[in-house]
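[1] show me the folded form of this:
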Amino acid sequence: MELSRKNNGSHFSAAKIKKRSHSTSRMVTFFLLLALFVSSFCYTLKVTIFSANQVSQTLTQDKYVKQLHSSLNDYLASLAKQYSIPTALTQNLLTNSQVKSDLKTAVENAYADKTAIFDTSTIQSQVKTNLDAKAQSIGLSTDNLIYQTAQSTLLSGLNGSLDQALNSQTLQQKVQQLNSAHKINSLILLVALGFSLLLLVLLIVVERNLFGWLHYLGVAAAYTAILLLAVSFLLKQIVANLDFAQLSGQASIDLNDLANSITQLVVSQANQLMIVWLVVAVAGITVGFLRR
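    Numbering: from 1, shown residues only. Below you'll find the predicted structure:
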């Protein structure tokens, strides 16, 4: 009877330890899924909104280039008229390809945290080259003193007005906010990845079993995928209901359409990660159950 009691006590103790182990594993898994979700979402932002290359590709699409091209040329034509430049020379002082190149440079400067976003000296040079070409095309000599004086006056006027129009204080503030958010996102991503690694190691120490570890990793991955899906849905709804044109004031580009394009970029990347985590979830949970 004494032996029987000892055996019963031993089984009870083992069951209690096992129950405590599962409870600890569930708690670690909960924090793991949070860390994996934060890592995934911050990584999504890093390779989309905070990627100069991705934003540049989106912003230099033909529809946005044409919008900025039209706005800039209207502005330049209006300014040229003030300096008595003939109307025949004031149309399309910048080409589509030049505007696209200027826009790409502006994105690179913005993500490099430079003070001057648009390179106005390059734009001035482009205007001068195009103005000379137009003058020659209608038989007007560029060596003409009157033409040179008018051109010089226009370019001098552009020196300050272009910088004021394109590199406004508001734009510079937005760029500073973007770069601050970029730094914060990078820091959060680094911390979240560190916690994820730590929790993965802790989980295998608690489980002491590779298949149990895979099972709980699969559970964490499944919930991570669900959270990514939920956040992607909410993000699309929020962006769809915001008027970015009104929030940002007057702009040369359709900001609502641009916001939707960038949001779609974020959602697409989040969906790719969601699929990866779903594969991990199915594999982990399946292997975990089969080997238990």
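
[2] helices of the stretch 1-150 of the chain, start to end?
    2-46, 52-59, 62-82, 96-111, 120-137, 145-166 (DSSP state H, counting those that start in this stretch).

[3] out of those helices, the one nearest W277 is which?
    helix 2-46 (7.2 Å; Cβ to Cβ). The way it works is simple: take the backbone N, C-alpha and C, and place the C-beta from them, glycine included.

[4] what about L229, neighbour count?
    Using other Cβ atoms under 10 Å, the number of residues around L229 comes to 16.

[5] spit out the contact partners of it.
    By Cβ atoms under 8 Å, 6 or more residues apart in numbering, the residues touching L229 are M274.

[6] so it is in which element?
    Element membership for L229, per DSSP states H and E: helix 210-240.

[7] buried residues in that helix?
    The neighbour-count check on helix 210-240 (16 or more other Cβ atoms under 10 Å) flags 212-229, 231-232, 239 as buried.

[8] run the chain-centre distance for that helix.
    Between the centre of helix 210-240 and the centre of its chain there are 20 Å (Cα atoms, centre = their mean, to the nearest Å).

[9] start at 206 instead
    From this message on, residue numbering opens at 206, which makes the last subject helix 415-445.

[10] run through who's touching stretch 347-362.
    Under Cβ under 8 Å, 6+ apart, the answer for stretch 347-362 is 284-285, 287-290, 329, 332-333, 336-337, 340-341, 345-346.

[11] buried members of the residues you listed into PyMOL, please.
    Applied in PyMOL, the following selects the buried portion of the contacts of stretch 347-362 according to 16+ other Cβ under 10 Å:
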select buried, resi 284+285+288+290+329+332+333+336+340+345
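
[12] could you check the pLDDT of F323?
    At F323, the model reports a pLDDT of 89.

[13] which ones are touching it?
    Going by Cβ under 8 Å, 6+ apart, F323 touches 307, 310-311, 314, 367-368, 371-372.

[14] got these as TSV, with pLDDT, neighbour count and distance to L277 columns?
    Listed next are the contacts of F323 as TSV, based on pLDDT from 0 to 100; neighbours: other Cβ atoms under 10 Å; distance: Cβ to Cβ, whole Å:
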residue	pLDDT	neighbour count	distance to L277
D307	91	22	8
T310	92	16	14
A311	91	23	12
N314	91	18	17
L367	81	22	9
D368	80	17	14
L371	81	20	8
N372	79	19	13
